[in-house]
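[1] Sequence first, then the predicted structure:
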Amino acid sequence: MHLNCDFLGYYSALGVKPSATSEEIKKAFRTKAQEVHPDRNSAPDATKRFQFLNDAFQTLSNPEARAQYDAEGSASLAEDNGPPVFEPLICSVCKKISAQPRYAIYYQVVSFIVFTQRSVSQGIFCSACGAKAAYRASLVTVFFGWWGFPWGPIWTLPALVRNLLGGTQPPMNNFKILWCQAMYFASIRRIEIASAMALDALNFGAKLSSAERADANVNQLLEALGYLLAVAKSGTSTLPKVWGFGSKTFKVQAIGGVIVAVAITVAVAMIANTPRTAYRHTPPTGAQESKAPAPAPVAVFDQPEVPYPPTGRIRTLRVRRPESEMAPLKIVTATGGFNYYAKLVGVETGKPALILFVRAGDTVETELPIGSYYLKFAAGERWYGEDFLFGPDTSYSKADEPLLFRIEGHRVFGHVIELIKQVNGNLRETPISPTDF
Ligand SMILES: [Zn+2]
């Protein structure tokens, strides 16, 4: 007497294990259907086989129908002739005999660019294999499931909560497999474990609907459990908690969830704490120049124009510090605006720590050792190399306030600087002479 999960041969028709995921079943069906399809297969029984394959797929691709199918291959006391022989149930993954097998369904959500897919893995699991299946489904869901709109977030949370609580455990399946296992342990005279399992089975029995309980077969199974418990008399112990709320699996998943949540919160807080510094940078205009008193005769500027250097660091003049002592700096410029040659000069040393070039419309992201720096920049259109910068039309400026790069606890304070004309720029700049640059 044993519970056979594949009493009609649906799993073997598809060539999958009873613990196969819904994905594996879909894939197996596609492959087999091509093989057996009457259009391609001239065997006389091809149509019949194709129909059977189709029935198998219809049943096994629906989680509830599949659980019911699995529950149907159950023990029946009445049909046995002679002394019953009890066979133990084995985990569908590791094939070991477990004192606390469960029929469980785990959910996994994966989002693709245009759609979100939900899949399940279900079958009889020992607690260790059940835990692995739950971790796997939840990890995949955490990394690939939540972001798809709109079903990703809607499906992700219920899936994670259900996996956390040991997956969905259909009462009929679990009542029957625990019944089988209790009888097996009783038959090998391990009465204490058998009675603990009988209690477990009765817990699931209590979750059956009244119609299910009225079934003659179920009734016999319930009676047999009562008899087993009466034989075991007192001293019935319960099994250690390895499933659901409070179990080790539950704690590991719950702690993992908390760590992920904290990491996301810290990352968001760090990004949110990077102050945005906007400069109101007004390049010189022709009108200002015309106000100047009688222009002194200037030597004609005849340097050749050269191509712009690429956006990014030109030089780092200070020794790099360890990662833990670096703070981020981001400089953004406007498309169609000016190009910038920028220096970050240490407030204490008076020496440049970093020199950058940012082409118009580009963004540069880099790092500086923690400390305070003055930002000086030269702006212009045509580039004549580092000796002449943007030629005679170069405008030189310096930010009025030094920029502070610091670390407080786990928070890193860097700067985002927008070298774009800003109405609400919160830092001011002052034009400086080329010699002060
Ligand atoms: Zn196992």
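    Structure received. Numbering: from 1, shown residues only.
[2] Touching, I124 and C91? I think so.
    Yes - judged on CB atoms under 8 Å, I124 makes contact with C91 at a distance of 6.3 Å. Where you see a C-beta, it was placed from the backbone N, CA and C, and this is true even at glycine.
[3] and those two? which has more neighbours close in?
    Taking neighbours as other CB atoms under 10 Å, I124 and C91 compare with I124 leading, 25 against 20.
[4] Which residue lies closest in space to the more buried one, excluding its sequence neighbours?
    S92 (4.8 Å; CB to CB, 6 or more residues apart in numbering).
[5] And that neighbour, its phi and psi?
    phi -70, psi -10 (degrees, to the nearest 10).
[6] again, but for S19
    Note on S19: backbone dihedrals following degrees, to the nearest 10 are phi -100, psi 10.
[7] OK, contacts around it?
    92-93, 121-125, 129, 133 (CB atoms under 8 Å, 6 or more residues apart in numbering).
[8] By neighbour count, which of those residues wins?
    Within those, neighbour counts (other CB under 10 Å) peak at F125, which reaches 29 neighbours.
[9] tell me the phi and psi of that one?
    The phi/psi pair for F125 (degrees, to the nearest 10) reads phi -120, psi 140.
[10] I'd like to know how far it sits from the ion.
    Look at F125 and the ion: by CB to the ion, to the nearest Å, they are 6 Å apart.
[11] Over to E23?
    On the measure of CB to the ion, E23 and the ion end up 20 Å apart.
[12] and the residue nearest to that residue when sequence neighbours are not counted, how many residues sit next to it?
    Spatial nearest neighbour of E23, chain neighbours left out: S119 (5.0 Å); criterion: CB to CB, 6+ apart. Per other CB under 10 Å, the neighbour tally for S119 reads 19.
[13] quick one on the thing from earlier: wouldn't the residue nearest to I124 be in contact with Q122 here?
    No - applying CB under 8 Å as the test, S92 and Q122 come out as separate, 9.3 Å apart.
[14] Using the three-state scheme, assign I407.
    Secondary structure assignment for I407 (DSSP: H, G, I helix; E, B strand; the rest coil): strand.
[15] Which residue, neighbours along the chain excluded, lies closest to it?
    I370 (5.7 Å).
[16] is it true that the one you found touches A327?
    Yes - between I370 and A327 there is a contact under CB under 8 Å: 5.3 Å.
[17] sorry, back to before: next, the contact list for the residue nearest to I407, please.
    With the criterion set at CB under 8 Å, 6+ apart, I370 makes contact with 321, 325-327, 405-407.
[18] residues from this structure in reach of the ion?
    Contact residues, the chain versus the ion (CB under 5 Å from the ion): 91, 93-94, 126, 129.
[19] And the furthest pair within the residues you listed?
    V93 and C126 (7.6 Å; CB to CB).
[20] dump the residue contacts of the residue in the stretch 151-300 of the chain positioned nearest to the ion.
    Here the residue of the stretch 151-300 of the chain nearest the ion is V242; by CB to the ion that distance is 11.7 Å. V242 sits next to 100, 127, 248-249 when contact means CB under 8 Å, 6+ apart.
[21] Swap in 6 Å and give it another go.
    Going by CB atoms under 6 Å, 6 or more residues apart in numbering, V242 touches 100, 127.
[22] Which element, helix or strand, includes it?
    Assessed by DSSP states H and E, V242 sits outside every helix and strand.
[23] gap between it and K96?
    Relative to K96, V242 is positioned 14 Å away (CB to CB, to the nearest Å).
[24] Quick check: phi and psi on the residue most central in space within the chain?
    The residue lying closest to the centre of the chain (CA atoms, centre = their mean) is F143, at 1.6 Å. Per-residue torsions, F143: phi -80, psi -30 (degrees, to the nearest 10).
[25] do G9 as well
    phi 80, psi 20.
[26] ok, it - how many residues close by?
    11.
[27] And for W151?
    For W151, the neighbour count with other CB under 10 Å is 15.
[28] Can you flag the buried ones in the contacts of I370?
    For those, a neighbour count by 16 or more other CB atoms under 10 Å gives the buried set as 326-327, 405.
[29] Export those as JSON lines, with columns for distance to S187 and pLDDT.
    Converted to JSON lines, these look like this (distance: CB to CB, whole Å; pLDDT from 0 to 100):
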{"residue": "M326", "distance to S187": "68", "pLDDT": "84"}
{"residue": "A327", "distance to S187": "70", "pLDDT": "85"}
{"residue": "F405", "distance to S187": "73", "pLDDT": "86"}
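[30] Nearest to the ion among those?
    The closest of those to the ion turns out to be M326 (CB to the ion; 47.7 Å).
[31] ok, now which ones touch that closest one?
    Contacts of M326 by CB under 6 Å, 6+ apart are E367.
[32] Residues in a beta bridge with it, which ones?
    P369 (DSSP bridges).
[33] Next one: it relative to R382, how far apart?
    With distances taken as CB to CB, M326 is found 34 Å from R382.
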